[in-house]
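In: sharing a sequence plus its predicted fold:
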Amino acid sequence: MKACIHFSCICFSLTQICMYFCDRPAVNQELSNLFNELWRLDVNRMKPGIDYTISVQGRAGFVNQGSHVVLDRASLPLFSNVNESKLRNITTFSLFMKLLDNYERSTGITERVTPEELTEINLFLDAVLETQVMKRAHQYLVSKGKSSSDSRQFKNQLNLIWFHLYHRQRNTGPDSCGFEHIFVGETKSGTEVIGFHNWVQFFLQEKNSHLDYKGYKARDQDLPDQDDHVLNLQFSWHGVVKPVGSAFIGTSPEFEMAIFTIIFLMNTERSTTVLVNIDQCQMELVVIRQGRCLGTAYPKLLSSNSRHVSQHSH
């Protein structure tokens, strides 16, 4: 009888282990290798402790979507210091920042693109296409038959994916695009922050007192560090709370555009989640389509500082 009970316990524990690991997708090794190559090529990436300093502070609590009441677990800003002169002297960052004020914050309000804004988009895409990061991404997509080798056609492809306007809210004119949603952020019905996955926009909005960082989101065994390149976080923007958001920290706009463009073009499903290891982080990269354009794209940190490597080795 004792042996039987013991055997059933073993079966139960094996079932639990299988449920835990079998639900998780396998690491995409090809994309991990490629994205680490892009990571090394990202010479414009800002370095933690040198070009910027963050203060992660306390763990944020659970908040319902649409709630305006939230416990603040971070009395200080997330960014305690950023080398702004360096930021403004790097071409892609400088041109990226010029695009951040081109959009209506609220969905449901028709976007109007001025000739000046079209010029800004053109200059930004030209600068991005000159970087080694995007050149390597283009080369990879050409090898997979997903992009034309002609750089002008590739530029048009990027423009469609990231900047083409579409309807996010019905019964209005075109009110959104991938770039606005992912990098700038939007509000919905005045009660929800949607998108907003960029660290530069986070820093600038925080600096201008439009954004209040509330704390990090992480599992007990995986506390964030000041040098983490991906953070899951909670914040309020213009008084509206984002219960859980996520963003790369320090990366260049071309790096983020490159990896999300690759995932977008390599898959046809409406929603795609890829598990990758980049630098010392294991993360899920989520991409959701809006027809031929990006609906949203963001990283979701699973573990940092190579903890996923040590967990597997034990």
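Out: It's in.
In: before we move on, which element is the residue nearest to residue 253 when sequence neighbours are not counted in?
Out: By the measure of Cβ to Cβ, 6 or more residues apart in numbering, the closest residue to residue 253 outside its immediate chain neighbours is residue 96, 4.4 Å from it. (C-beta placed from N, C-alpha, C; glycine too.) Counting by DSSP states H and E, the secondary-structure element that holds residue 96 is helix 91-99.
In: list of residues touching that helix?
Out: 44, 87-88, 117, 120-121, 123-124, 127-128, 131, 179, 183-184, 200, 204, 252-254 (Cβ atoms under 8 Å, 6 or more residues apart in numbering).
In: list the buried ones in that helix?
Out: Neighbour-count burial for helix 91-99, counted by 16 or more other Cβ atoms under 10 Å, picks out 91, 92, 93, 95, 96, 97, 99.
In: I'd like to know which elements the very next helix or strand once past it is packed against.
Out: Taking DSSP H and E as the definition, the helix or strand that follows helix 91-99 towards the C-terminus is helix 115-129. Contacts of helix 115-129 with other secondary structure elements, assessed using 3 or more Cβ pairs under 8 Å, 6 or more residues apart in numbering; DSSP states H and E, are made with helix 91-99, helix 132-143, helix 151-163, helix 253-266.
In: quick one: the last one to helix 91-99, angle?
Out: Going back to what we said before, that points to helix 253-266. When axes from the mean of the first three to the mean of the last three Cα atoms, to 10 degrees is applied, the directions of helix 253-266 and helix 91-99 differ by 80 degrees.
In: a markdown table for the helices and strands packed on helix 115-129, including distance to residue 61 and mean pLDDT?
Out: Converted to a markdown table, the helices and strands packed on helix 115-129 look like this (distance: least, Cβ to Cβ, whole Å; pLDDT from 0 to 100):
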| stretch | distance to residue 61 | mean pLDDT |
| --- | --- | --- |
| helix 91-99 | 32 | 98 |
| helix 132-143 | 37 | 98 |
| helix 151-163 | 34 | 98 |
| helix 253-266 | 28 | 98 |
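In: which of those sits closest to residue 73?
Out: Distance to residue 73, taken as Cβ to Cβ, is lowest for helix 253-266 among the helices and strands packed on helix 115-129, at 26.6 Å.
In: distance from the closest one to the middle of the chain?
Out: Here the centre of mass of C-alpha atoms in helix 253-266, compared against the chain's by Cα atoms, centre = their mean, to the nearest Å, lies 10 Å away.
In: can I get the CA coordinates of that helix in CSV?
Out: Output in CSV follows, covering the C-alpha atoms of helix 253-266 (Å, rounded to 0.1, in the frame of the first residue of the first chain):
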residue,chain,number,x,y,z
PRO,A,253,14.6,52.6,-32.2
GLU,A,254,16.1,50.7,-35.2
PHE,A,255,16.8,47.6,-33.0
GLU,A,256,13.2,47.5,-31.8
MET,A,257,11.8,48.1,-35.3
ALA,A,258,14.1,45.4,-36.8
ILE,A,259,13.1,42.6,-34.4
PHE,A,260,9.4,43.3,-34.5
THR,A,261,9.4,43.8,-38.3
ILE,A,262,11.1,40.4,-38.7
ILE,A,263,8.5,38.6,-36.5
PHE,A,264,5.7,40.4,-38.3
LEU,A,265,6.9,39.4,-41.7
MET,A,266,7.9,35.8,-40.8
